[in-house]
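In: Please work out how this folds:
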Amino acid sequence: MNIRESTEQWEEAYLSPYAAFSKNTRGRVREEEPCDIRTAYQRDRDRIIHCKAFRRLKHKTQVFLAPEGDHYRTRLTHTLEVSQIARTIAKSLRMNEDLTEAIALGHDLGHTPFGHSGEAVLNEICSQGFAHYRQSVRVVEILEKDGMGLNLTWEVRDGILNHRTSGHPATLEGAIVRLSDKIAYINHDIDDAIRAKMFVEEDLPACYTDILGHSVRERLNNLIHDIIHNSYEKNDIIMSPDMEAAMQGLRTWMFQHVYKNEIPKAEEGKAQKMIAMLFEYYMEHPDRLPEEYRFLMEKKDASKERAVCDYIAGMSDSYAIDRFEELFVPKAWKAI
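Out: Coordinates of the predicted model:
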């Protein structure tokens, strides 16, 4: 018996009967020889961490566009916080922590530069539409590794696709990530907004904080405990009605007072205009796309629109600005 087989045996003996067992995965699109050390989901987690799209998340906006200061969240730090919360819940419920971690680490790989504002403008100008959760799946299925994708298991891809609010993950591990994503961004976005002096903790509606807690630490602790307590030994991942209503209420308040606030959104219009101009340029000049994106059109049957969206969505904030400056900002003339 090798190490992977021993781990699979341990899962069957220890994990909840409602967990997703590694040996029972529905598999990959391309069949592979199993690893002798890592389970299928551990292998997926490692592939995500080592992929290019994951590294680019460190320079992608979470909420605040190009913030001055080292302590505001980026898309990468958001992803790591989601992973930490989800793993804590999964371990407590005896779910498959490796599957949970892989889904969490991969859930935002398809996010655009400049956060949801970038996603919104691509969805508006692309006739085929654009959504980051579908793009995340496209990244792992096609875009990584020169058009080969990461060949992840079905369960990881399902969890990535269904992490959004309206999603319905097929596994409880996916359901854990779906809730952990919201717990993470609501609370860390509050923390960042307070750091940006948009409001103070006491400005949050008491009707929600009296239930959830009066600090980021309290809210995280209470929400995580609530999910574990209400989901323990059940074939579902659920919250108590009062806690869920309070979290949804605070999320709505955040949309009104943070996500649509003029402070984080002050540069949003400029960013969206920039993305629209890049889209228009590459639609007119597809020959200027990098080779890997031309390959998608020539060998992977991608439409020109989709290939352009793939390129722009993969950009970091700083790279998008660099491309814009190179294409549209006049350079100073120098005598030779």
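In: Low-confidence ranges, the stretch 201-336 of the chain, go.
Out: Within the stretch 201-336 of the chain, the stretches with pLDDT under 70 are 263-265, 336.
In: residue ranges of the helices in it, please?
Out: Along the stretch 201-336 of the chain, the segments classed as helices by DSSP state H, counting those that start in this stretch run 206-212, 216-231, 241-254, 268-284, 291-299, 304-314, 317-328.
In: Which elements pack onto the first one?
Out: Taking 3 or more Cβ pairs under 8 Å, 6 or more residues apart in numbering; DSSP states H and E as contact, the helices and strands that helix 206-212 lies on are helix 216-231, helix 241-254. C-beta coordinates here come from the backbone N, C-alpha and C atoms, glycine included.
In: Quick check: which of those is nearest to Thr88?
Out: The minimum distance between Thr88 and those falls on helix 216-231, with 6.0 Å, by Cβ to Cβ.
In: tell me which residues of the closest one are tucked away?
Out: Across helix 216-231, burial judged by 16 or more other Cβ atoms under 10 Å covers Arg219, Leu220, Asn222, Leu223, Ile224, Asp226, Ile227, Ile228, Asn230, Ser231.
In: That helix: how far from the chain's middle?
Out: How far helix 216-231 lies from its chain's middle: 21 Å, per Cα atoms, centre = their mean, to the nearest Å.
In: Quick one: work out the angle between it and helix 241-254.
Out: For helix 216-231 against helix 241-254, the angle by axes from the mean of the first three to the mean of the last three Cα atoms, to 10 degrees is 140 degrees.
In: CA atoms only: put helix 216-231 into PDB for me.
Out: C-alpha atoms of helix 216-231 as PDB (Å, rounded to 0.1, in the frame of the first residue of the first chain):
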ATOM      1  CA  VAL A 216     -14.300  41.300  12.500                       C
ATOM      2  CA  ARG A 217     -12.900  38.700  14.900                       C
ATOM      3  CA  GLU A 218     -16.200  38.200  16.600                       C
ATOM      4  CA  ARG A 219     -18.200  38.000  13.400                       C
ATOM      5  CA  LEU A 220     -15.800  35.400  11.900                       C
ATOM      6  CA  ASN A 221     -15.800  33.400  15.100                       C
ATOM      7  CA  ASN A 222     -19.600  33.500  15.400                       C
ATOM      8  CA  LEU A 223     -20.400  32.700  11.700                       C
ATOM      9  CA  ILE A 224     -17.900  29.800  11.600                       C
ATOM     10  CA  HIS A 225     -19.300  28.300  14.800                       C
ATOM     11  CA  ASP A 226     -22.800  28.700  13.600                       C
ATOM     12  CA  ILE A 227     -22.200  26.800  10.400                       C
ATOM     13  CA  ILE A 228     -20.400  24.000  12.200                       C
ATOM     14  CA  HIS A 229     -23.000  23.700  14.900                       C
ATOM     15  CA  ASN A 230     -26.000  23.700  12.500                       C
ATOM     16  CA  SER A 231     -24.300  21.400   9.900                       C
END
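In: got the buried residues for stretch 329-336?
Out: Buried residues in stretch 329-336 (16+ other Cβ under 10 Å): none.
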